[in-house]
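S.K.: my questions are about this predicted structure, shown below with the sequence.
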Amino acid sequence: MDFTTGFFYLFSAVLLFAAFRVITARNPVYAALYLVLAFAQAAAIWLLLKAEFLAIALVLVYVGAVMVLFLFVVMMLDINTDSLRAGFWKHFPVAAVVGVVIALEMAAVLMGGFRLAEEPRAGAAAVQAAAQAGAQAPLEVSNTRELGKLVYTQYLYPLELAAVLLLVAIVAAIALTLRQRKDSRKVDPSLQVRVRASDRLQVIKMPPVVAPPPQPAAAAGGEGGQP
């Protein structure tokens, strides 16, 4: 076993443990932190597969932005975990069967993809073009550069469509958050600016001596000594 295989098994074991703790942790904050650990181990596996761009994108986008934001939201919300786990064991058999089926399907699809006779080389089109031009040695091509060429040339319209969908999702989230709700407490700054002292404080005149309230008839009879 070489070092690459050893690191692959190490990262895979930590990834499986972190993924298992994501769904078994009782505290949502701990679950989010274990998910960050799972993303970090997945990025390390991408590095072993010589996919540097995917590894850096996974760390920067998901770990550095999405999961940090999700962690802040989880920490600010008061989530009642007892109500979420109320029907866990009731639906566990169906969820277990679905999970096993999905795992078997993924294994059937992915196991054939790892049986490679040699390591894939990035930028096959550029290497082939260089070979046709008469170059003796293959050119050093970056994965990030070739992926960027494909994204912004061949897959430009799907990229723009995904950007539009994300923009619509952002606008929809803002619209749903800022809608008028009866149970929300908000302050109108314009009303605060236009407020006057007479609206907040009212001075009234009261006599210096206030007459005592009249005594009840029963209390007055009891004080006179009548049986």
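M.R.: Good, I have the coordinates. Numbering: from 1, shown residues only.

S.K.: flag the shaky bits of the chain, pLDDT-wise.
M.R.: 76-85, 112-141, 177-184, 218-227 (pLDDT under 70).

S.K.: just the helices in it please.
M.R.: With helices called from DSSP state H, the chain shows them at 3-24, 28-48, 52-57, 67-76, 81-84, 88-110, 124-133, 143-149, 156-177, 189-193, 197-200, 217-223.

S.K.: out of those helices, which is the most enclosed?
M.R.: Most buried of these by mean neighbour count (mean count of other CB atoms under 10 Å) is helix 28-48; its value is a mean of 18. Every C-beta, even on glycine, is put in place using the N, C-alpha and C of the backbone.

S.K.: now the angle from it to helix 3-24?
M.R.: Per axes from the mean of the first three to the mean of the last three CA atoms, to 10 degrees, the angle that helix 28-48 makes with helix 3-24 is 160 degrees.

S.K.: what's helix 28-48 in contact with?
M.R.: Helix 28-48 is touched from outside by 4, 7-8, 11-12, 14-15, 18-19, 21-23, 25, 52, 54-56, 58-59, 62-63, 67, 70-71, 74-75, 79, 81, with contacts defined as CB atoms under 8 Å, 6 or more residues apart in numbering.

S.K.: still on that earlier bit, of all the helices of the chain, which lies closest to Val209?
M.R.: Nearest to Val209 among the helices of the chain is helix 217-223; the distance by CB to CB comes to 22.4 Å.

S.K.: I'd like the helices of the chain laid out as a markdown table, including distance to Pro207.
M.R.: As requested, the helices of the chain are arranged in a markdown table below (distance: least, CB to CB, whole Å):
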| stretch | distance to Pro207 |
| --- | --- |
| helix 3-24 | 72 |
| helix 28-48 | 62 |
| helix 52-57 | 79 |
| helix 67-76 | 54 |
| helix 81-84 | 59 |
| helix 88-110 | 69 |
| helix 124-133 | 99 |
| helix 143-149 | 86 |
| helix 156-177 | 54 |
| helix 189-193 | 36 |
| helix 197-200 | 23 |
| helix 217-223 | 25 |
